[in-house]
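Peer 1: here is my input; please provide its structure:
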Amino acid sequence: MPKKAKPVETTPESVLKKRKRQEKYAEAAAAAVTEATKKATASKEEAFKRAEAYIKEYRTAEKSLVTLKRAARKEGTFYVPEEPKLLFVMRLRGIMGMDPKSRHIMKVLRLLQIHNGVFMRLNKATFNNLVKVDPYIMYGYPSLKSVRDLLYKRGCAKINGQRVALTDNKIIEDGLSEKTKGAVICMEDMVHQIYTVGPYFKECCKFLWPFKMNTPAGGMRRKVLHFADGGDCGNREEYVNDLIARML
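Peer 2: Prediction:
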């Protein structure tokens, strides 16, 4: 008796379609990973180039300042530097004894807790507000080093109402690239915008969560007295940098 031929095994059409979909998804996922890797590499390269350009700019400015000071000494005059444009403002005291108007100003300044700090543009309106709450705050002119240290060591972003540490340039790029037309995509871009009070200073400051500073090593001297009288509050000018270093 002749043997019966074995039936040809066929794969159901639904299974074939499923495999095809899976292959398509896998290809799309692989392409997305490749594209993301390329974009990340390009962003890193661009960030590195910008950082180098900023360093060159800062060094040129320092050399120019030294040259101007030497020229002034040679002529027997004094070099008068430009008026500061940047302030770092920090809250020193709580609400005890604070009047409602001062509380409102502190809220506007975003200084809601003791040792909260923010960067501010120095202008007449800002100065008038600071004078009104002078006994409760300290402020001064941060150096490039202080700005960089604050951002790298204490910098946090405000994202959807949450405090997010700035541990990756992608956080900055996602939050600020579109708002600044591509001008701010990395930490050094933020440092530059804030230190020079650049065109996107406001966007950078709004993106940042107020800094939460430590109690300074050695403690405060006298919070109720003005800095000029041996205390802590009020305008510390360039001496604010020493305090920032102690509170990081």
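Peer 1: so what pLDDT did Arg154 get?
Peer 2: With respect to pLDDT, Arg154 scores 96.
Peer 1: how about it, what does it touch?
Peer 2: Phe211, Lys212, Met213, Leu248 (CB atoms under 8 Å, 6 or more residues apart in numbering). The C-beta positions use only the backbone N, C-alpha and C, and glycine is treated the same way.
Peer 1: now for the helix of greatest length in the chain, which elements pack on it?
Peer 2: Taking DSSP state H as the criterion, the chain has its longest helix at helix 13-74. The contact analysis (3 or more CB pairs under 8 Å, 6 or more residues apart in numbering; DSSP states H and E) places helix 13-74 against helix 169-176, helix 187-195.
Peer 1: distance between the ends of stretch 196-215?
Peer 2: End-to-end distance for stretch 196-215, by CA to CA, to the nearest Å: 28 Å.
Peer 1: list the contacts of that stretch.
Peer 2: Residues outside stretch 196-215 that contact it (CB under 8 Å, 6+ apart): 85-86, 90, 110-113, 115-121, 150, 154-158, 163-164, 172, 175-176, 179-180, 183-184, 190, 192-194, 244, 247-248.
Peer 1: just the buried members of those residues?
Peer 2: Among the contacts of stretch 196-215, those scoring as buried are 86, 90, 110-111, 115-120, 150, 154-157, 172, 175-176, 180, 183-184, 190, 192-194, 244, 247 (criterion: 16 or more other CB atoms under 10 Å).
Peer 1: of the residues you listed, which belong to helices?
Peer 2: Leu150, Arg154, Ile172, Gly175, Leu176, Met190, His192, Gln193, Ile194, Ile244, Met247.
Peer 1: and which of the residues you listed is nearest Pro135?
Peer 2: Met247 (19.4 Å; CB to CB).
Peer 1: low-confidence ranges in the chain?
Peer 2: Within the chain, the stretches with pLDDT under 70 are 1-10, 36.
Peer 1: could you list the domains of it?
Peer 2: 14-81, 86-247 (automatic domain parsing).
Peer 1: most tightly packed of those domains?
Peer 2: domain 86-247 (a mean of 17; mean count of other CB atoms under 10 Å).
Peer 1: and the end-to-end length of that domain?
Peer 2: 19 Å.
Peer 1: element containing His104, please.
Peer 2: Assigned by DSSP states H and E, His104 belongs to helix 100-108.
Peer 1: which strands or helices does that helix pack on?
Peer 2: Against helix 100-108 (3+ CB pairs under 8 Å, 6+ apart) you get helix 124-132.
Peer 1: quick one, which of the helices and strands packed on helix 13-74 is nearest to Lys49?
Peer 2: helix 187-195 (10.2 Å).
Peer 1: partners of whichever strand or helix holds Tyr139, with directions?
Peer 2: If you go by DSSP H and E, Tyr139 is part of strand 137-140. Strand pairing for strand 137-140, using DSSP bridges, gives strand 86-91 (antiparallel), strand 234-237 (parallel).
Peer 1: okay, which residue is most central for the protein?
Peer 2: Leu151 (4.9 Å; CA atoms, centre = their mean).
Peer 1: correct me, but that residue touches His192?
Peer 2: No. If you go by CB atoms under 8 Å, Leu151 and His192 don't touch, sitting 10.7 Å apart.
Peer 1: partner residues bridging the residue lying closest to Met90 once chain neighbours are set aside?
Peer 2: Distances taken as CB to CB, 6 or more residues apart in numbering put Gly117 closest to Met90, at 3.9 Å, once the chain neighbours are dropped. As for beta bridges, Gly117 partners with Met90, Phe211 under DSSP bridges.
Peer 1: contacting residues around Gly117?
Peer 2: Shown in contact with Gly117 (CB under 8 Å, 6+ apart): Phe88, Val89, Met90, Arg91, Leu111, Leu150, Pro210, Phe211, Met213.
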